[in-house]
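Novice: got a predicted structure here, sequence first:
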Amino acid sequence: MATSSVVVHDIDRLESFGSFLSSKRDDIENLYDELVTACGEQDSNWQDPQYTELKEKLDSFSATSKTQLEELDDAVAYIVALVEKLRTI
């Protein structure tokens with residue numbers, strides 16, 4: 001049976017790191033959303049097959065990034081749960 005362990009030397013630092021990750025995750029999501037929105041705003045301004053290709057690539061990239069953001073959410077949730085357990089000890 002496999003076991004795993006975590007060594008935490010400073011709970012406050014771990015909690016701070018979890019908050020930092022959460023904040024940066026939100027920043028990244030906002031940047032993806034702004035990028036897709038800004039591209040969409042060019043729809044009537046830039047009528048070129050290259051625009052359509054760019055928009056499709058940005059939409060695809062944004063969708064892929066959402067999966068990565070969900071993984072980051074899981075990591076942040078793990079850190080939050082770990083901090084809560086450590087504080088009860």
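Specialist: In hand now; what should we look at? Numbering: from 1, shown residues only.

Novice: can you point out the buried residues in the lengthiest helix in the chain?
Specialist: Scanning the chain for the longest helix, with DSSP state H as the assignment, gives helix 49-88. Using 16 or more other C-beta atoms under 10 Å as the test for burial, helix 49-88 gives 55, 58, 72, 76, 79, 82-83. The C-beta positions use only the backbone N, C-alpha and C, and glycine is treated the same way.

Novice: return the closest of the residues you listed with respect to Tyr32.
Specialist: Tyr32 has its nearest neighbour among the buried residues of helix 49-88 in Leu58, at 8.8 Å by C-beta to C-beta.

Novice: just checking, that closest one touches Val36?
Specialist: Yes - using C-beta atoms under 8 Å, Leu58 is in contact with Val36, at 5.7 Å.

Novice: report pLDDT for Leu23.
Specialist: One correction, residue 23 is Ser, not Leu. We have a pLDDT of 96 for Ser23.

Novice: and the residue nearest the centre of this structure?
Specialist: Geometric centre of the chain, nearest residue: Leu69, 3.1 Å, by C-alpha atoms, centre = their mean.
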